[in-house]
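[1] Let's see this in three dimensions:
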Amino acid sequence: MDTTNNKAVRTGTASTPRTNYKRFPAYGKQLMDQRLAGQVPRNGVYLTFEWSLAKAFPRIVITNDLPIEDIDLRFLAGLDVTLVYRTKDADRVPELAAAILKIGPHILNAFNADIPQNAIIKDLAGEVMM
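    Predicted structure coming up:
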C-alpha cells in the first residue's frame, strides 16, 4: 500500500538533482522566517565570509563551501545590506554584490575590515555605483 503523498517520491524521480535549488546561508533561514512574520531588522543586515566578523549585528555568514550562485538571498530584498569582509575574501565580493543587487536591497555597502574604507555599491537613490 502506497501511503506517500509526494508523486516525485512514488515515481522515483525525487533523487533527480534540481538545477535551480538554492540554499540559505548560515542564519539565512532564521532571517527569512522573521521577514515572513513581518519583522524587519532595524539596522539592516551584515553579510560576511567569516564567523568572527560582525558578531554584534544581525548577520549572514557565507561560508567558503557554499557557491554564491547556490545561495538563496530573497530575504535581503528591500533591506540595508553591508558586506563586511577581509582582504583575503575580496575576490568573492563582486559576485556576491551582483547576486544581492538582483534581489533589490534598499542600500548595499561593502566594508573591508582590514582596510577601513566604505564602498557604497547601491545608494539611497537606487543608483548602482559598482
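[2] For G78, which three-state class applies?
    Following DSSP: H, G, I helix; E, B strand; the rest coil, we place G78 in the coil state.
[3] who touches it in this structure?
    The contact partners of G78, by C-beta atoms under 8 Å, 6 or more residues apart in numbering, come to V40, G104, P105, H106. Using the backbone N, CA and C atoms, a C-beta is placed for each residue, glycine as well.
[4] Kindly recompute the last result at 7 Å.
    G78 makes contact with G104, P105, H106, according to C-beta atoms under 7 Å, 6 or more residues apart in numbering.
[5] Where does pLDDT dip in the chain?
    1-20, 116-130 (pLDDT under 70).
[6] for it, what's the longest helix?
    Across the chain, the longest stretch assigned as helix under DSSP state H is helix 93-103.
[7] Only the C-alpha atoms, please, for that helix, written as PDB.
    These are the backbone C-alpha positions of helix 93-103, laid out as PDB (Å, rounded to 0.1, in the frame of the first residue of the first chain):
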ATOM      1  CA  VAL A  93      32.700  40.400  -3.100                       C
ATOM      2  CA  PRO A  94      31.800  41.400  -6.700                       C
ATOM      3  CA  GLU A  95      29.900  38.100  -7.300                       C
ATOM      4  CA  LEU A  96      28.100  38.300  -4.000                       C
ATOM      5  CA  ALA A  97      27.300  42.000  -4.600                       C
ATOM      6  CA  ALA A  98      25.900  41.200  -8.000                       C
ATOM      7  CA  ALA A  99      23.700  38.500  -6.600                       C
ATOM      8  CA  ILE A 100      22.400  40.800  -3.900                       C
ATOM      9  CA  LEU A 101      21.700  43.600  -6.400                       C
ATOM     10  CA  LYS A 102      19.500  41.200  -8.300                       C
ATOM     11  CA  ILE A 103      17.300  40.800  -5.200                       C
END
